[in-house]
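Trainee: Got a predicted structure here, sequence first:
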Amino acid sequence: MMDQVQPACSPDEMEVDVTAVIEACGGDPRTAIKALLIEQQIQEQRIERLASALSFGYVRGRIGVTSGRAGSSHSVTT
């Protein structure tokens, strides 16, 4: 299930952004979607690396990732 997130811009601004992304990809919507999916994957990996760098004591279970520290049995859950 996807989280409900409010867009950071108005629908008109979003349309302009969508058009800009498609134009940047040579007018091909499939290429634009692929580029956005790749960017999303890169950002998710970055978030995972940053989250694993946080100590369990600092986040106190506020993020839903498993601690990446060796030898740690703590699991961070939401």
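Mentor: Cool, the structure landed.

Trainee: Tell me where this structure is predicted with low confidence.
Mentor: 1-3, 7, 55-78 (pLDDT under 70).

Trainee: one more time with 80
Mentor: 1-8, 54-78 (pLDDT under 80).

Trainee: can you give me the helices in it?
Mentor: 11-24, 29-53, 56-59 (DSSP state H).

Trainee: Could you dump these into CSV and include distance to V5 and mean neighbour count?
Mentor: Any C-beta I mention is one placed from the backbone N, CA and C, and that applies to glycine too. Below are those laid out as CSV (distance: least, CB to CB, whole Å; neighbours: other CB atoms under 10 Å):
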stretch, distance to V5, mean neighbour count
helix 11-24, 13, 12
helix 29-53, 13, 12
helix 56-59, 21, 10
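
Trainee: Name the residues that touch stretch 31-42?
Mentor: Under the contact criterion CB atoms under 8 Å, 6 or more residues apart in numbering, stretch 31-42 has outside partners 21-22, 24-25.

Trainee: can I get the residues you listed in a markdown table with distance to P11?
Mentor: Shown next, in a markdown table, are the contacts of stretch 31-42 (distance: CB to CB, whole Å):
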| residue | distance to P11 |
| --- | --- |
| V21 | 15 |
| I22 | 16 |
| A24 | 20 |
| C25 | 21 |
